[in-house]
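# sequence unknown, structure follows:
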């Protein structure tokens with residue numbers, strides 16, 4: 001009996017065939033956080049998932065590691081170090097890591113924080 005009640009008909013892949021199916025990044029309007037959604041192919045052995053955000057100059061602006069995630073879909077909020085500015089280009093890189101294998105699965109997404117200048121509307125009475 002599986003703790004997570006996983007469908008027995010799902011094909012699970014060995015480490016060397018495990019891939020990142022999708023990667024989405026949604027910047028928050030505060031310019032300091034991003035919502036990251038990752039979907040991985042079903043796996044036989046749980047990988048480590050390393051996430052790194054860098055700016056255009058290659059400076060590391062955020063990092064996270066998910067150790068042996070129990071599910072194939074992950075969602076997390078990452079914080080940007082330092083002062084981010086609107087219009088700054090960032091790159092999120094996600095890698096699946098198995099200690100005994102070279103990195104074979106990775107994806108990147110570029111993103112920019114939106115201009116969050118508030119719009120003021122004046123209602124007529």
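Structure's in. What do you need? Model, not experiment: these values are computed from the prediction.
# remind me which helix or strand residue 96 belongs to.
strand 89-97 (DSSP states H and E).
# helix or strand next in line after that strand, which one?
Sequence order places strand 105-112 as the next helix or strand after strand 89-97, per DSSP H and E.
# could you give the average pLDDT over that following strand?
Model confidence over strand 105-112, given as mean pLDDT, is 95.
# do stretch 36-52 as well
On average, stretch 36-52 scores 96.
# from one end of it to the other, what's the distance?
Start and end residues of stretch 36-52 are separated by 11 Å (CA to CA, to the nearest Å).
# now do it: distance to the chain's middle.
9 Å (CA atoms, centre = their mean, to the nearest Å).
# name the residues of it that are buried.
36, 38, 40, 41, 43, 46, 47, 49, 50, 51, 52 (16 or more other CB atoms under 10 Å). Where you see a C-beta, it was placed from the backbone N, CA and C, and this is true even at glycine.
# so of those, which ones are in helices?
In helices, judged by DSSP state H, none of the buried residues of stretch 36-52 are found.
# quick one, what contacts the residue nearest to residue 49 when sequence neighbours are not counted?
Closest residue to residue 49 apart from its sequence neighbours, by CB to CB, 6 or more residues apart in numbering: residue 66 at 4.1 Å. Counting by CB atoms under 8 Å, 6 or more residues apart in numbering, residue 66 touches 48, 49, 51, 74, 76.
# try 7 Å this time
48, 49, 74 (CB atoms under 7 Å, 6 or more residues apart in numbering).
# phi, psi of it?
phi -110, psi 120 (degrees, to the nearest 10).
# can you pull the pLDDT of it?
The model's pLDDT for residue 66 equals 97.
# next one: it from residue 115, what distance?
31 Å (CB to CB, to the nearest Å).
# same check on residue 44?
Residue 44 is 45 Å from residue 115, by CB to CB.
# give me the neighbour count for residue 27.
The number of residues packed near residue 27 is 19, by other CB atoms under 10 Å.
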